[in-house]
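Undergrad: A structural model of the following input is requested.
(2 chains)
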Amino acid sequence: MSDNGHGAKLYLIVWFWLLALTAVEVFLAYKHLPLTTMLTLLMGLSIVKAALIIAYFMHLKFEKRSLTLTLMPPLVICIILLMLFAFPDGLRLLNLRPS
Amino acid sequence: MATTVSGWSGGAEPYAIHSKKLGMWLFIISDALTFSALLVAYSYMRMSTPNWPTPFEMYPAITFSTIMTFCLLSSSVTMVMAVAAAHRNDRATSVKWLLATIAGGLAFVVLHANEWLHLIQSGVSPFQNPWGTPLFGATFFTLTGLHMTHVVCGVIYLAVIAAGFGRGKFTGLDVEVSGLYWHFVDLVWMFIFPLVYLMSNKA
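TA: Alright, predicted model coming up:
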């Protein structure tokens, strides 16, 4: 919590990576990739960015492991439950919808 | 403080963090679920509805939303600097970093409000728009509106913390807890930005 052994340098490195990943996302937006590939890439990159923010900026990496284990699995499980609409049904919708 | 035999009889800190911080974490998890639901709703509508409007072209919309992303990411860095300074009990430095964070948040709000006004002038409302299905306005304004509300509340929260911390009122913990909230607001935008803006004109 208050141990600041990791100083400004670490935060700037994380910031650099966040900006770099954002740049990759914007670059991808100029490309013409298949829809599911594009979605997968963008969401994958965003999850990496979210993980960086949570681990370093929100300091969860340096808390007790039990806090991470209490907070993250319920969140991930609930989001997957929400996506039950999206995974089987939504991917079918991608092919069914009138274009 | 009495040492307790059982963890259930109180006085123990199983996570080794202050209750304020645990409270903020629990709030963040529940709020993350709210935003997840709205993002899933937006994406589901987007996928399942024909003639979805795609008003976000590379310029100006994606250029500006990239700048907004930059503002939020940078304000997150100034926030961790403020927290680090606050834990060193360097109040003047911490307040300076907090003010930089507030500036980043305000820049985001101004740019986003500008975009909203532009859309509203083009005839987009939650109930209709000139291009296609009205579901676009409904889901777009709900999602980005809730996020903008969070940013505005965050700016007010940080302003209160900065004003009090400068006068010696709060502890480093309070700055850290406000930082958790601010990073969360940043985090949510990391998903809205690709799903709503970058995917806008993708088939």
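Undergrad: show me how the record splits chain A into domains.
TA: Each domain of chain A is listed here as a residue range: A:1-63, A:65-99, per automatic domain parsing.
Undergrad: mean pLDDT lowest for which of those?
TA: The stretch with the lowest mean pLDDT among the domains of chain A is domain A:65-99, at a mean of 78.
Undergrad: ok, back up a step: mind checking which of the domains of chain A is nearest B:Cys71?
TA: domain A:1-63 (11.7 Å; Cβ to Cβ). In this view, the C-beta of every residue, glycine as well, is placed from N, C-alpha and C.
Undergrad: may I see the buried residues of whatever helix or strand B:His118 lives in?
TA: B:His118 is part of helix B:91-121 when elements are defined by DSSP states H and E. Buried residues in helix B:91-121, counted by 16 or more other Cβ atoms under 10 Å in any protein chain shown: B:91, B:94-102, B:104-109, B:112, B:115-116, B:119.
Undergrad: right, and the helix or strand after the longest helix belonging to chain A?
TA: For chain A, the helix with the greatest residue count under DSSP state H is helix A:8-29. Note on helix A:8-29: by DSSP H and E, the next helix or strand toward the C-terminus is helix A:35-52.
Undergrad: centre of the chain to the helix or strand just after that following helix, how far?
TA: Counting by DSSP H and E, the next helix or strand C-terminal to helix A:35-52 is helix A:65-82. Helix A:65-82 has its C-alpha centroid displaced from the chain centroid by 14 Å (Cα atoms, centre = their mean, to the nearest Å).
Undergrad: one step back: so what does the helix holding B:His118 touch, helix or strand wise?
TA: Other helices and strands packing on helix B:91-121, by 3 or more Cβ pairs under 8 Å, 6 or more residues apart in numbering or on different chains; DSSP states H and E, are helix B:63-87, helix B:135-166, helix B:172-192.
Undergrad: relative orientation of the shortest one and helix A:35-52 in degrees?
TA: Interaxial angle, helix B:172-192 versus helix A:35-52 (axes from the mean of the first three to the mean of the last three Cα atoms, to 10 degrees): 170 degrees.
Undergrad: same check on the longest one?
TA: Following the same axes, to 10 degrees, one obtains 10 degrees for the angle between helix B:135-166 and helix A:35-52.
Undergrad: run through who's touching stretch A:8-15.
TA: By Cβ atoms under 8 Å, 6 or more residues apart in numbering or on different chains, the list of residues contacting stretch A:8-15 from outside reads A:52, A:56-57, B:73-74, B:76-77, B:80-81, B:84.
Undergrad: with stretch B:57-66 instead?
TA: Residues outside stretch B:57-66 that contact it (Cβ under 8 Å, 6+ apart): A:22, A:26, A:29-30, B:55-56, B:111, B:114-115, B:193, B:197-198, B:200-201.
Undergrad: between these, which is closest to A:Pro73?
TA: Nearest to A:Pro73 among the contacts of stretch B:57-66: B:Phe193, at 25.9 Å, using Cβ to Cβ.
Undergrad: B:His112 and B:Met68 touch, don't they?
TA: Yes. Taking contacts as Cβ atoms under 8 Å, B:His112 lies within contact range of B:Met68: 6.2 Å.
Undergrad: B:Gln128 reaches B:Gly137, doesn't it?
TA: Yes. If you go by Cβ under 8 Å, B:Gln128 and B:Gly137 touch, sitting 6.8 Å apart.
Undergrad: which of the two has more residues huddled nearby?
TA: Taking neighbours as other Cβ atoms under 10 Å in any protein chain shown, B:Gln128 and B:Gly137 compare with B:Gly137 leading, 20 against 13.
Undergrad: the more buried one and chain A: what is the separation?
TA: 20 Å (Cβ to the nearest Cβ, to the nearest Å).
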